[in-house]
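Undergrad: Sequence first, then the predicted structure, then my questions.
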Amino acid sequence: MDLATIIGLAAGAAVIAVAILMGGSVTQFVNLPSVLIVVGGGMAATLIRFPIAGVASAFMIGGKVAFIHKKVEPRELITRIAEMGDVVRRNGPLGLESMEIDEPYLMKGSQLIADGYDGAFIRESMELERDQYLTRLAEGQRVFKSLGDAAPAFGMIGTLVGLVQLLANMDDPSTIGPAMAVALLTTLYGAVLANLVCLPMADKLTAKLGAEEINQTLIIDGIMSIRDGKSPNIIREMLVAYLPEKQRGELVPEAA
Amino acid sequence: MDLATIIGLAAGAAVIAVAILMGGSVTQFVNLPSVLIVVGGGMAATLIRFPIAGVASAFMIGGKVAFIHKKVEPRELITRIAEMGDVVRRNGPLGLESMEIDEPYLMKGSQLIADGYDGAFIRESMELERDQYLTRLAEGQRVFKSLGDAAPAFGMIGTLVGLVQLLANMDDPSTIGPAMAVALLTTLYGAVLANLVCLPMADKLTAKLGAEEINQTLIIDGIMSIRDGKSPNIIREMLVAYLPEKQRGELVPEAA
Amino acid sequence: MDLATIIGLAAGAAVIAVAILMGGSVTQFVNLPSVLIVVGGGMAATLIRFPIAGVASAFMIGGKVAFIHKKVEPRELITRIAEMGDVVRRNGPLGLESMEIDEPYLMKGSQLIADGYDGAFIRESMELERDQYLTRLAEGQRVFKSLGDAAPAFGMIGTLVGLVQLLANMDDPSTIGPAMAVALLTTLYGAVLANLVCLPMADKLTAKLGAEEINQTLIIDGIMSIRDGKSPNIIREMLVAYLPEKQRGELVPEAA
Amino acid sequence: MDLATIIGLAAGAAVIAVAILMGGSVTQFVNLPSVLIVVGGGMAATLIRFPIAGVASAFMIGGKVAFIHKKVEPRELITRIAEMGDVVRRNGPLGLESMEIDEPYLMKGSQLIADGYDGAFIRESMELERDQYLTRLAEGQRVFKSLGDAAPAFGMIGTLVGLVQLLANMDDPSTIGPAMAVALLTTLYGAVLANLVCLPMADKLTAKLGAEEINQTLIIDGIMSIRDGKSPNIIREMLVAYLPEKQRGELVPEAA
Amino acid sequence: MDLATIIGLAAGAAVIAVAILMGGSVTQFVNLPSVLIVVGGGMAATLIRFPIAGVASAFMIGGKVAFIHKKVEPRELITRIAEMGDVVRRNGPLGLESMEIDEPYLMKGSQLIADGYDGAFIRESMELERDQYLTRLAEGQRVFKSLGDAAPAFGMIGTLVGLVQLLANMDDPSTIGPAMAVALLTTLYGAVLANLVCLPMADKLTAKLGAEEINQTLIIDGIMSIRDGKSPNIIREMLVAYLPEKQRGELVPEAA
């Protein structure tokens, strides 16, 4: 999923770059104060809406999810958890230590079992971590949405400021065109920031939120079953019940 | 239903072509970079929102549904399934092999019965196929919707880029008009792409999604009843219960 | 209710006509290609969304409902049905043949009773007719809504086409004004078509849909009670239960 | 509450008047045909949506509610009803005749008790009156909302008509400015009508609708309890249950 | 949370100030009548929607919440309430008098216990205060939302008034630019007022409303438990049940 984000952002940037370069020089389109108005104004409006810590963590989690995070299919998770259950049944909890587990959240659960913590503690500390992660993800989604709404508004505010200055000093007609060009830049920046970055990012985080809620809840219950020494088949059957109906069908034949 | 799509697209294109030709030459309206900005930018924003595979399959399924797919009335399906039940009762499962069945999903179920698979396996593999098909259809709908939202935005971005270039270089007044004409082309492209293609297509896929969910669920239950050797009348009565209330009334008199 | 539609449309048209005539000649505002773009383009986008048959029937039913159809108050219906119940009690089913019944759907039910069909058949064939009528009404509502959304979009598309042509050929300044006037006509047509015709019509069909669902369901149950020879008072009491709570109060005092 | 409406309308009108007077003469802003287009067109679109009688009664009820109607607090009502219960207990139903009751709906109930009607009749005729009043209020809200949506649309239509006329006859450049000024007036009228009058009025009627539903239902039940000779304390306790939870807390301490 | 509001407002104001100062003098952007139109008009439309008292209290509560109010974490509250329970168990109700309690609402409850009021009275008077506070907060949210919707509309109305005046008197071309600059100021003011102040403030009050409802309900039940002499552990366990599921996990480990 991250590949699509990178390709999308690069393609979008390339498309706009080509459009700019074909018509002249890039310098006409670079204007630091305009960037300041759109990004700064959008951030200011977002800061009023959310606590500071939330805005900062939103960008980190947004970047992480969009560029680094790998999508994990629930059915791969279930297969993996069933394998872990098999290992524990044969080699005891310590057998998990020799398994390689890519998914960090599943790894953490595995470690807790191997360390011999009791069930209630494992469930509580994993639920705590899941809830904090989902809360951060949801806040990240709202921050990108808020920025995507505010950026075009501040783009328009910047253009209005430029227009007022331009209209108030029309002594030299030759400066009207370039001044208006600069005034329009904030509107352009706001439109690009919202439509190419913030709104698609918010949509991606929304989708991510749903997927992670399913996956992590599934991992918690899987870890609890492994710890209870349930058989791989029973674990698999139980976890399938966590999938939304549409994805369930895809797993059953494998289990049959 | 496909005929309406083709007529609609052709009529829409014709209407715009006439408008263009009456006012001058087509060449004024063809501008490859403008196409690149609107289509490329819209695709880039869509790529960030969805996995790559989903975008690709969305176009295939969208094209298939819009141009090739035939609308199947639930009541025709029920009549057909009842006939199949009659054949199985009289000639056994192998009797289905000699029947001609147009609807491919129903054909698949018929084949599974004729091949003698057990009930649980038939249901599971048909549900799996239905769920994957509906998921693809739903993703196709969201992709067209996203493209329909992004296209006008990138149309505006393209026009802003053109306006900034135009305003920054107003030395030769005679070039202002044609340059602005080119700048407006992206807005025009975005509006046509969204209002003539993407948004109507998304609406059509939404309608299709609802219809296919009813039809395929109905086929699954019909196939299960046929395999269990139920009588045509019982099959028909049971399947009528799957129809939304409004369509149900239309079938009952035929059954009476 | 039809009178309001006719007055509304006539008043709206008159208002616009006065505005046009006060400023000059009508001919400036008549432009066939502009009509083609807005109406043709809007119809094309609508055709992609709906099956052809649905679009055609939508206009027929829209016209019928808006101009001809008479609003029937549920309480008048109940009074009428109670009278019919009285007639059947005194003169038998054939007594209905001598009654004059304006409402065609009620007339049909009356005829079915007089013809001596059995209860299940009467209910089924009346429900079938009601469901088909409501489905057509709902489709009509969606078609007008879709046209009301598409018309302003194609109005803008037409204006953009005109602007591009105008800007690309600015050799003769004296033609700029008139050309721009023509370009704006499509936007004007789209705004009038959407705001004076399509959107109000869609709203009216929505209101109609709710009213007809109550009335026709009420008629079906009334007809069934008449056929069963229930007393007028019992019929009236039972039918009052079909009214939404707000309208119920208005009937009870009459019944008391 | 009426005071706020009058102050709001007066302040809004004053603000716009000041803006107009500071820049020149009022006559530039008075244009009868423009008023006709916006008000007439908006009314025409509204007439298509609603029956004529509904539109007329909407304005009467809107004016009455906004300017004359006094907001009645549910807790004052409950206190008043408990007092009435006390009077009836001590002096019998006729004792109500000597009480002064401001709220007309409560007055009517009091009269019905004093006149000795039986309980079922009192409830029925009061519910009938309440339902008709609420229906009229709801229709008034929808009419103002519809007008608030249509006015800006017809403002734009009027401006487009003016622009087309202006652009088609640009022979005398000195007339362009004033003609465009007149063309913009409809847009101005539409914006003022919608944002200062119709939409705030619709919001106020929505709030009123909720408040009146609570109050009148409360009065009906209070009147029934008075007629049954319940004690003031029991009446008060029972009526508190009709308040939404937030308002309930405010009453309990008084009752304690 | 207040810090973020102040930083946000200051940063937004600074960004706009920089944009203005870079292009010329501030005086071009200060225009009292324009402020009057946007703020006065927006307030007028808001006054029609709400009772006067509500508008006034909305600004006070909005300012208080945004700038002064400290966000209180539910888990800190629970810890604090458990401590109070411990004090009461050891030193009796009067022991609360020597505790320092920052949160005023909790302080009030503590005082009521120390004063020895009976349980029902404490609950009633605290619920009354909570409900009045939440009602004021909700009204504040709606007032800021209404102002945020009305400000841009009156900004546009102001610009239209200015444009009409400008276009009607175009004798001296040199005044056109400055006049248009002034006309655009109202649009600028409306956009800044809505996007930097009103809409973010409304969103913040919405978030606040949810948080305060949880906290104050939690305090009420905590105070009741303290008064009943429940043990700190039981109080903590019971109050955790009031947290939304996501926040609950964060507390349980502390309680374990």
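TA: Right, received. Where do you want to start?

Undergrad: The longest helix seen in chain A - contacts with which helices or strands?
TA: Using DSSP state H, we find that the single longest helix of chain A is helix A:119-168. Here helix A:119-168 touches helix A:41-49, helix A:52-63, helix A:104-114, helix A:176-192, helix A:199-227, helix E:2-23, helix E:176-192, helix E:245-255, going by 3 or more CB pairs under 8 Å, 6 or more residues apart in numbering or on different chains; DSSP states H and E. C-betas here are computed from N, CA, C, even on glycine.

Undergrad: highest average neighbour count across the ones you listed?
TA: Mean neighbours per residue, mean count of other CB atoms under 10 Å in any protein chain shown, is largest over the helices and strands packed on helix A:119-168 for helix A:41-49, with a mean of 26.

Undergrad: In PDB, could you pull the C-alpha coordinates for stretch A:210-220?
TA: Provided in PDB are the C-alpha atoms of stretch A:210-220 (Å, rounded to 0.1, in the frame of the first residue of the first chain):
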ATOM      1  CA  GLY A 210     -10.700   0.000   9.900                       C
ATOM      2  CA  ALA A 211      -8.100  -2.500   8.900                       C
ATOM      3  CA  GLU A 212      -5.900  -2.100  12.000                       C
ATOM      4  CA  GLU A 213      -8.900  -2.400  14.300                       C
ATOM      5  CA  ILE A 214      -9.700  -5.800  12.800                       C
ATOM      6  CA  ASN A 215      -6.100  -7.000  12.700                       C
ATOM      7  CA  GLN A 216      -5.100  -6.000  16.200                       C
ATOM      8  CA  THR A 217      -8.300  -7.300  17.900                       C
ATOM      9  CA  LEU A 218      -7.700 -10.500  16.000                       C
ATOM     10  CA  ILE A 219      -4.100 -10.600  17.200                       C
ATOM     11  CA  ILE A 220      -5.100 -10.100  20.800                       C
END
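
Undergrad: any idea how far stretch A:211-229 is from the chain center?
TA: Taking CA atoms, centre = their mean, to the nearest Å, one finds the center of stretch A:211-229 at 22 Å from the center of the full chain.

Undergrad: could you measure the residue in chain A sticking out farthest from the centre against residue E:175, distance?
TA: Going by CA atoms, centre = their mean, the residue of chain A most distant from its centre is residue A:171, 50.1 Å out. Computed with CB to CB, to the nearest Å, the distance linking residue A:171 and residue E:175 is 13 Å.

Undergrad: circling back: now the angle from the longest helix of chain A to helix E:2-23?
TA: Going by axes from the mean of the first three to the mean of the last three CA atoms, to 10 degrees, helix A:119-168 is angled at 20 degrees with respect to helix E:2-23.

Undergrad: relative to helix E:199-227, how tilted is helix A:119-168?
TA: On the basis of the same axes, to 10 degrees, helix A:119-168 is oriented at 150 degrees to helix E:199-227.

Undergrad: Helix A:119-168 - what's its average pLDDT?
TA: When pLDDT is averaged along helix A:119-168, the result is 90.

Undergrad: mind checking how far it is from the chain centre?
TA: Here helix A:119-168 is found 11 Å from its chain centre; the criterion is CA atoms, centre = their mean.

Undergrad: ok and that helix relative to helix E:176-192, angle-wise?
TA: 170 degrees.

Undergrad: Relative to chain D, which residue of chain A is the closest?
TA: For chain A and chain D, the shortest gap (CB to the nearest CB) falls at residue A:167, measuring 15.9 Å.

Undergrad: how close does that residue sit to chain B?
TA: Going from residue A:167 to chain B by CB to the nearest CB, to the nearest Å gives 14 Å.

Undergrad: Can you tell me how far that residue is from residue B:228?
TA: Residue A:167 is 80 Å from residue B:228, where distance means CB to CB.

Undergrad: Looking at the two, which has the bigger crowd around it?
TA: Using other CB atoms under 10 Å in any protein chain shown as the criterion, residue A:167 and residue B:228 rank with residue A:167 on top: 22 against 12.

Undergrad: shouldn't the more buried one be in contact with residue E:184?
TA: Yes. Between residue A:167 and residue E:184 there is a contact under CB atoms under 8 Å: 7.1 Å.

Undergrad: who are the neighbours in contact with residue A:166?
TA: By CB atoms under 8 Å, 6 or more residues apart in numbering or on different chains, the contact list for residue A:166 reads A:176, A:179, A:180, A:183, E:177, E:181.

Undergrad: and of the residues you listed, the nearest to chain C?
TA: Using CB to the nearest CB, residue A:180 is the member of those that sits closest to chain C, with 16.8 Å.

Undergrad: What sits closest to that closest one if chain neighbours are left out?
TA: Residue nearest to residue A:180 in three dimensions, not counting chain neighbours: residue B:167, with 4.8 Å by CB to CB, 6 or more residues apart in numbering or on different chains.

Undergrad: looking at it, the one you found is touching residue A:184, isn't it?
TA: Yes. Assessed by CB under 8 Å, residue B:167 is found in contact with residue A:184 at 7.1 Å.

Undergrad: Compute the number of surrounding residues for residue A:32.
TA: 8.

Undergrad: That one and chain C: what is the separation?
TA: To chain C, residue A:32 is 32 Å away according to CB to the nearest CB.

Undergrad: Please apply the same query to residue A:198.
TA: Distance check for residue A:198 against chain C: by CB to the nearest CB, it reads 25 Å.

Undergrad: now residue A:91
TA: Plainly put, residue A:91 is 61 Å away from chain C if you go by CB to the nearest CB.

Undergrad: what's the burial count for that residue?
TA: Neighbours of residue A:91 under the rule other CB under 10 Å: 13.

Undergrad: Equivalent analysis for residue A:90, please.
TA: 8.

Undergrad: Can you read off the pLDDT for it?
TA: So, for residue A:90, pLDDT stands at 88.

Undergrad: what's the angle from the strand or helix carrying it to helix A:104-114?
TA: Under the criterion of DSSP states H and E, residue A:90 resides in helix A:74-91. Here the directions of helix A:74-91 and helix A:104-114 differ by 20 degrees (the same axes, to 10 degrees).

Undergrad: sorry, back to before: please name the residues that touch the residue of chain A closest to chain D.
TA: Taking CB under 8 Å, 6+ apart as the test, what residue A:167 contacts is E:177, E:178, E:180, E:181, E:184.

Undergrad: Please name the nearest non-neighbouring residue to the closest residue to chain C within the stretch 1-150 of chain A.
TA: Using CB to the nearest CB, residue A:23 is the residue of the stretch 1-150 of chain A that sits closest to chain C, at 15.9 Å. Of all residues beyond its chain neighbours, the one nearest residue A:23 is residue B:165 (3.8 Å), with distances taken as CB to CB, 6+ apart.

Undergrad: so the one you found makes contact with residue B:179?
TA: Yes. Here residue B:165 lies in contact with residue B:179, judged by CB under 8 Å, at a distance of 7.3 Å.

Undergrad: So for residue A:103, what pLDDT did the model give?
TA: pLDDT, read off for residue A:103, is 86.

Undergrad: my read: it touches residue A:73, true?
TA: No. Between residue A:103 and residue A:73 there is no contact under CB under 8 Å: 10.9 Å.

Undergrad: Neighbour count for those two, which is higher?
TA: Higher neighbour count among residue A:103 and residue A:73: residue A:103, with 18 against 13, using other CB under 10 Å.

Undergrad: mind checking the SS state of the nearest residue to the more buried one once chain neighbours are set aside?
TA: Nearest residue to residue A:103 in three dimensions, chain neighbours excluded: residue A:72, at 5.9 Å (CB to CB, 6+ apart). Following DSSP: H, G, I helix; E, B strand; the rest coil, we place residue A:72 in the coil state.

Undergrad: And residue A:72, how far from residue B:76?
TA: For residue A:72, the distance to residue B:76 - CB to CB - is 43 Å.
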